[in-house]
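S.K.: one predicted model, sequence on top.
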Amino acid sequence: MKKLLFTLSLLLGFITMDGQVVWRYGANMDGGWGDANIVVTPYVSFPAVFTTPYAGCHITTIRLGLAADASNVYVYIKHAPRDAQPLYRQKIGDLKAGWHDIILDTPYDVSGEDVAIGYKASFAAAGGVGYSKEKYADGDIVYYNSKNNWTATGGSVCLQALVEGEQLPQNELLMGRLGSGESYDDSSALTFTGTVRNVGGNIVERYTLSYQQDDDEAQQLTIEKSLNVNETDTFSISVPADVPGNHTLRVWVSQVNGEPDAYTPNNQSEASFTVKDPAFMRRVVCEEFTGLWCGWCPRGMVGLELMLQEHPQQFIPISIHGSDKLTIDANADYSYAQFIQSMTGAPSCKVDRRLSGDPYYDIRNLFAMETANDAAVAYSLAANWNDDGTAIECRSSYFSQADIAQADYNMAYVLTEDSITGYYQTNYYADGANGEFYGWENKASHTDDVFFNDVARGIFGGYDGMECHTGLLEAQLAQEHQYLLQLPPTIVNRSQLHVIGLLIDRHSGTIVNAFRTRPVGLEHTGIFNVNSPAVADGACYNLQGRKLSGTPCKGIYIERTPQGTRKRIR
């Protein structure tokens, strides 16, 4: 009768009898792992922080799950799977597929040290090792005897231990690790997630967490939730992220079922996190080479559009046309001719003039590489229209975190325009010839159903920029640069302009930091002309009036329909 109750409680995932608890990872056998005709020894491990509350109790039964028939089976208990000699060994013999309760000839005394439980078996059929899809690293350690190496199933091995005793801990939670994080100080808070596991002998109905950031006063969070024995719960804690610097968050279990946690050494965890100064945010400039003649260049448009949607504060796109009607006059002192001559094909791009690649396939990886670290120099730009709207007054401000002895910098200003239409784009995605691609498969092979965004209208100060600073750049001492940008005659709509400031290292030619802004000071009618015949019904625009060309409408956007314009969220 006792064994029947034990088996029933295991199927339920917890023990209901007094004086017993099950150590396990995955509760169910979801499948089988392993090749045919192999010998393997799977293990599950329980660290000392888990076993210590059970000191004085005994492992009386090992339960193993087999997905295929096994022969020459042994069970082992060790301190660690890789230990040469077991602490306990028992020969079992042949076993059929299914769950088996192996009653130990001699109960194993739990002393509070690391415990690893395993079995050795030969499998004639493939998929012999029973495993659960729940992934636990400590629950998935396999020695592949036939190949003399260590591996894993990818889930957790079906191995459980029945622990009995009169000193089973009550109200005992084991805390998992907290992750680390980083944020800019314009974020209101940073959220951390963690786990607690009921490793005691009773059901937990509620528990209280205490948490402390640095030396601040500790806060408490009480969670009302029923946790069966062996069950895990996930919690979230949000802390302020408004002071730049390195911080520490400590979280611990202060109460379980209204009582102190039974064993404190395993009930707490710490996480470190960094709050960055947003002034030193690394903004990434992507200068893309494109052309109306380029059939693959729609992917560059899509790549830049997606990145700008995902990283509006850090990603700065500049679309530079060559050999077409949107190309800047090569004879103008604000042309991009030097850049175009350096490019060997389209679509392609340079990121911060340091990395090169495809503006769709490579851009996320290039962006991640550039944003791995903060910028050494903080940079911001203000742009204001002059009185008659013929020029933009640019005022740059920059400063460093630490002294820079030889800060030889140039400055350049790029003018871009959005929502340009009336030009035919070659499109190799037409009629699905190269699969679906963000709606471009529904456009013609030469289509004027395109709104071109981020189109470079000029780089003022030249591609290499004009001199702005030479010599020592003293830490935290702001420097300024001013420039009057005269509008080129190609501008169509002044309400669709952006000014981009580039701080350039004179020696390497790379972009140190950048800033993108709209010029202010003139009033314009609306964010776009709703009566324009060039705007198709159902077209999507971002909140700045930027036409999303070929990209599906996602996030917050403005849609023009025959009934008018409306803001939508998708």
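M.R.: On my side now, so go ahead.
S.K.: now do the closest residue to V520 other than its chain neighbours against N434, distance only.
M.R.: Distances taken as C-beta to C-beta, 6 or more residues apart in numbering place N384 nearest to V520, at 5.9 Å, with adjacent residues excluded. No exception for glycine: its C-beta is placed from N, CA and C like everyone else's. Distance of N384 to N434, given as C-beta to C-beta, to the nearest Å: 45 Å.
S.K.: one more: C468?
M.R.: C468 is 45 Å from N434, by C-beta to C-beta.
S.K.: next one: V39
M.R.: For V39, the distance to N434 - C-beta to C-beta - is 50 Å.
S.K.: hmm, back to that, buried residues in the strand or helix carrying the residue nearest to V520?
M.R.: Following DSSP states H and E, one finds N384 within strand 377-385. By neighbour count on 16 or more other C-beta atoms under 10 Å, the buried set for strand 377-385 is 377-379, 381-383, 385.
S.K.: do stretch 293-310 as well
M.R.: 294-309.
S.K.: what's the average pLDDT for it?
M.R.: Stretch 293-310 carries an average pLDDT of 96.
S.K.: equivalent analysis for stretch 177-189, please.
M.R.: On average, stretch 177-189 scores 70.
S.K.: convert stretch 202-217 to CSV, retaining C-alpha atoms only.
M.R.: Presented in CSV, the C-alpha positions along stretch 202-217 are these (Å, rounded to 0.1, in the frame of the first residue of the first chain):
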residue,chain,number,x,y,z
ASN,A,202,5.2,20.8,2.6
ILE,A,203,3.1,22.9,0.2
VAL,A,204,4.0,26.6,0.1
GLU,A,205,0.9,28.9,0.0
ARG,A,206,2.7,32.2,0.0
TYR,A,207,6.2,33.6,0.4
THR,A,208,7.8,37.0,1.0
LEU,A,209,10.9,38.3,-0.7
SER,A,210,13.1,41.1,0.6
TYR,A,211,15.3,43.1,-1.8
GLN,A,212,17.8,45.8,-1.4
GLN,A,213,19.5,48.0,-4.0
ASP,A,214,23.0,49.1,-2.9
ASP,A,215,22.7,50.4,0.6
ASP,A,216,19.1,51.6,0.3
GLU,A,217,16.4,50.5,2.7
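S.K.: which helices and strands sit right next to the helix of greatest length in the chain?
M.R.: Taking DSSP state H as the criterion, the chain has its longest helix at helix 298-310. Packing partners of helix 298-310 (3 or more C-beta pairs under 8 Å, 6 or more residues apart in numbering; DSSP states H and E): strand 284-290, strand 315-321, helix 363-370.
S.K.: what residues go with each domain of the protein?
M.R.: 2-164, 173-276, 280-525 (automatic domain parsing).
S.K.: distance check, D140 against Y108.
M.R.: Counting by C-beta to C-beta - D140 and Y108 are separated by 22 Å.
S.K.: neighbour-wise, which of these two wins?
M.R.: Taking other C-beta atoms under 10 Å, D140 and Y108 do not tie; D140 has more neighbours (24 against 18).
S.K.: list the residues that contact the more buried one.
M.R.: Contact analysis of D140 by C-beta atoms under 8 Å, 6 or more residues apart in numbering lists 25, 44, 131, 152-157.
S.K.: now it, nearest residue through space, not along the chain?
M.R.: Nearest to D140 is A152, by C-beta to C-beta, 6+ apart, at 4.5 Å.
S.K.: how far away is A80 from Y438?
M.R.: Distance from A80 to Y438, by C-beta to C-beta: 52 Å.
S.K.: just the buried residues of the helix or strand following the strand holding N384, please?
M.R.: Using DSSP H and E, the next helix or strand after strand 377-385 towards the C-terminus is strand 391-400. If you call a residue buried by 16+ other C-beta under 10 Å, then strand 391-400 has these buried ones: 391-394, 396-400.
S.K.: between those residues, which is nearest A70?
M.R.: S400 (66.6 Å; C-beta to C-beta).
S.K.: hmm, the closest one is touching A375, no?
M.R.: No: using C-beta atoms under 8 Å, S400 makes no contact with A375, being 9.4 Å away.
S.K.: before we move on, the earlier item: I'd like the buried residues of strand 377-385 as a markdown table, with pLDDT appended.
M.R.: As requested, these are exported to a markdown table (pLDDT from 0 to 100):
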| residue | pLDDT |
| --- | --- |
| V377 | 95 |
| A378 | 94 |
| Y379 | 96 |
| L381 | 96 |
| A382 | 96 |
| A383 | 97 |
| W385 | 96 |
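S.K.: in this protein, what residue spans correspond to helices?
M.R.: According to DSSP H, the helices that the chain contains are 2-12, 48-51, 298-310, 337-342, 363-370.
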